[in-house]
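> Need coordinates for the below:
(2 chains)
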Number of protein chains: 2
Amino acid sequence: MIIGGKEDRTDNKEILHKFAALAGGLEQPIMIVTAASTVPGDLWDMYRQAFDEMGATQVTHASITSRAEAEDDMLAHRLAQARGIFMTGGDQKRLMAFIGGTKVERAMRSAWYDNGACIAGTSAGASGMCTHMLAEGKAELAPEKGAVHLSAGLGFVSRVIIDQHFSQRHRIHRLLSAIAQSPFLLGAGIDEDTALIVKGQGISVIGSGGVTVLDCRHAITNIADVSRGDVPQMLDVRLHLLPSGASFASPADAGPLADFIQYLTDRTLEHDHR
Amino acid sequence: MIIGGKEDRTDNKEILHKFAALAGGLEQPIMIVTAASTVPGDLWDMYRQAFDEMGATQVTHASITSRAEAEDDMLAHRLAQARGIFMTGGDQKRLMAFIGGTKVERAMRSAWYDNGACIAGTSAGASGMCTHMLAEGKAELAPEKGAVHLSAGLGFVSRVIIDQHFSQRHRIHRLLSAIAQSPFLLGAGIDEDTALIVKGQGISVIGSGGVTVLDCRHAITNIADVSRGDVPQMLDVRLHLLPSGASFASPADAGPLADFIQYLTDRTLEHDHR
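Got it, this is the predicted structure:
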């Protein structure tokens, strides 16, 4: 469950309710991973209250403020047994600096891959899911060469770069910068209060915004020839807009979106990258 | 010469210099059409000063604040003889309300079509050049059905909808709204201080921004089935980004941009629409 940040936590809580449902229900063990944030206590308080109001009974905090904590056997065990793991916002570089390659990361992978737990990430937690993670980059008025930096993410999503707060922060050019440089990767921009759900062979979109998919695989561009900071020419970028409610059961029925769904749902891919 | 607004008027004046050159030089008769603006005197003062500083010698004001003035024979005659006609910003609906179908409009068409004068428009003056003019529409965070209203423009540009202040005002969704509803039209978003130059069989881009071309002709969308205000699903929109310096001599060498250039340069098209 890939969330674009600012999901509703006080009103209808549509996305959090869906997360709990995908975790198996409000009685299942759910853990909140606040490692991306410099104010983990505040976020934990906020999500604890939101899930309390929803009637969830087994929501606990995975407090990780160092790599040492991310190597804690007890914490890793609890995460591996969780049915839902929710990564909060903050800074995806901080998230990866603390949990990348640790027992906590392996436990989350095991929960998801071996046990079918629902892994959710919002904002930084969404970006961090990618193998090639959008680490930082200003939202410029044009896709400037070198404006975006990638780094190694969790690898739960492969062949796709996730960006979040997408329409609200006008990040289309930043995402275009990233995929123009790495055109074998697709780009997915998730709006605020919006979730892209990957389940089985299909995907769906819920919440109040949409998901923008950008595909430069067939684009004709001079990015290799322009200087750092220059704006490349880009012809034939493919853009797909998935509003809330969009749903595809499998790549087979998705036309020009087939590869995007294939990349998101093919669990053999991420192992190529680890 | 289609300008996205806020072209430099005090510093390098790159776009104004190019306009003067396309008009045949600084000694040629140039007219400033301020009909789109509610402060025509202020705009005339600004452009007069800018062209004075450039050394232009025959720049005059086409002051049009009513349809009656736009039927003035003397003014129409001066416009027909001008080598450069520059339409300022303001509101494109005001521009068309005053000059649409008048002697002034016919004189401008004659200057361009019969005499090869350079016609330039910036901001509202750029939007007004289209046969199907983007009249108004808020820049929303998603392309909402019905968010954009078209109306009849000057018809100097056919089969393409122009939007301006494009990246600065985050208008991609507004332009997508327009072409999703009318997919036989291409969309061109011009950034501020940026000009799309159409000359002979070719196009080029100058200034400090870029031109974004959107093409929904092959898109798969449910816009016909969603309600007003809803966000349609849109798959396979084609996006082209032309930075400053981009240049295509003819449609033949432009690959996926061939039709865009064909539409802009084919002077038989606009007559289909008049």
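
> any weak-confidence spans in the stretch 1-150 of chain A?
Residues of the stretch 1-150 of chain A meeting the criterion pLDDT under 70: none.

> in it, which spans are helices?
A:14-22, A:40-54, A:73-81, A:92-99, A:103-113, A:124-127 (DSSP state H, counting those that start in this stretch).

> From the contact counts, what lies against the second one?
Looking back up the chat, that one is helix A:40-54. helix A:14-22, strand A:30-33, strand A:59-62 (3 or more CB pairs under 8 Å, 6 or more residues apart in numbering or on different chains; DSSP states H and E). For glycine as for every other residue, the C-beta is placed from the backbone atoms N, C-alpha and C.

> What of the fifth one?
Under the contact definition 3+ CB pairs under 8 Å, 6+ apart, helix A:103-113 sits against helix A:73-81, strand A:84-87, strand A:118-122.

> how about the residues of chain A near chain B?
Residues of chain A lying close to chain B (CB under 8 Å from any CB of the partner chain) are A:141-143, A:167-168, A:170, A:172-173, A:176, A:191, A:209-210, A:214, A:220, A:230-244, A:246, A:255-257.

> Repeat the analysis, applying 7 Å as the threshold.
Residues of chain A that fall close to chain B, judged by CB under 7 Å from any CB of the partner chain: A:141-143, A:167-168, A:170, A:172, A:191, A:209-210, A:220, A:231-243, A:246, A:255-257.

> re the thing from before, tabulate the helices of the stretch 1-150 of chain A in CSV, adding columns for mean neighbour count.
As requested, the helices of the stretch 1-150 of chain A are arranged in CSV below (neighbours: other CB atoms under 10 Å in any protein chain shown):
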stretch, mean neighbour count
helix A:14-22, 21
helix A:40-54, 16
helix A:73-81, 16
helix A:92-99, 22
helix A:103-113, 20
helix A:124-127, 28
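
> Adding distance to residue A:150, write those out as TSV.
Converted to TSV, those look like this (distance: least, CB to CB, whole Å):
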stretch	distance to residue A:150
helix A:14-22	26
helix A:40-54	25
helix A:73-81	26
helix A:92-99	11
helix A:103-113	18
helix A:124-127	10
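
> contacting residues for the closest residue in space to residue A:211 that isn't next to it in sequence?
Using CB to CB, 6 or more residues apart in numbering or on different chains and skipping residues adjacent in sequence, the residue nearest residue A:211 is residue A:242, 4.4 Å away. Taking CB atoms under 7 Å, 6 or more residues apart in numbering or on different chains as the contact definition, residue A:242 lies against A:205, A:210, A:211, A:213, B:233.

> Give me the next element, helix or strand, following the helix or strand where residue A:242 lies.
Applying DSSP states H and E as the criterion places residue A:242 in strand A:234-243. Going down the chain from strand A:234-243, the next helix or strand is strand A:247-248, by DSSP H and E.

> in the next helix or strand along the chain from that following strand, what's buried?
Remark: after strand A:247-248, the chain's next helix or strand is helix A:258-265, criterion DSSP H and E. Judged by neighbour count using 16 or more other CB atoms under 10 Å in any protein chain shown, the buried positions of helix A:258-265 are A:259, A:260, A:261, A:262, A:263, A:264, A:265.

> got it, and stretch A:136-154?
A:137, A:139-145, A:147-148, A:150-154.

> of those residues, closest to chain B?
residue A:141 (4.0 Å; CB to the nearest CB).

> Tell me, how many residues neighbour the closest residue to the closest one other than its chain neighbours?
Taking CB to CB, 6+ apart, and ignoring the residues beside it in sequence, residue A:141 has residue B:167 as its nearest neighbour in space, at 4.0 Å. Residue B:167 has 24 neighbours, counted by other CB atoms under 10 Å in any protein chain shown.

> now swap in the one 4 residues further on and tell me
With neighbours defined by other CB under 10 Å, the count for residue B:171 comes to 25.

> Please look at it and residue B:187 and confirm they touch.
No. Assessed by CB atoms under 7 Å, residue B:171 is found out of contact with residue B:187, at 9.7 Å.

> Need the overlap of contacts for the two.
In terms of CB under 7 Å, 6+ apart, residue B:171 and residue B:187 are both contacted by the residues residue B:163.

> can you give me the helices for the stretch 151-274 of chain A?
A:172-181, A:258-265, A:269-272.

> so what's residue A:234 bridging to?
Taking DSSP bridges as the rule, residue A:234 bridges to residue A:221, residue B:241.
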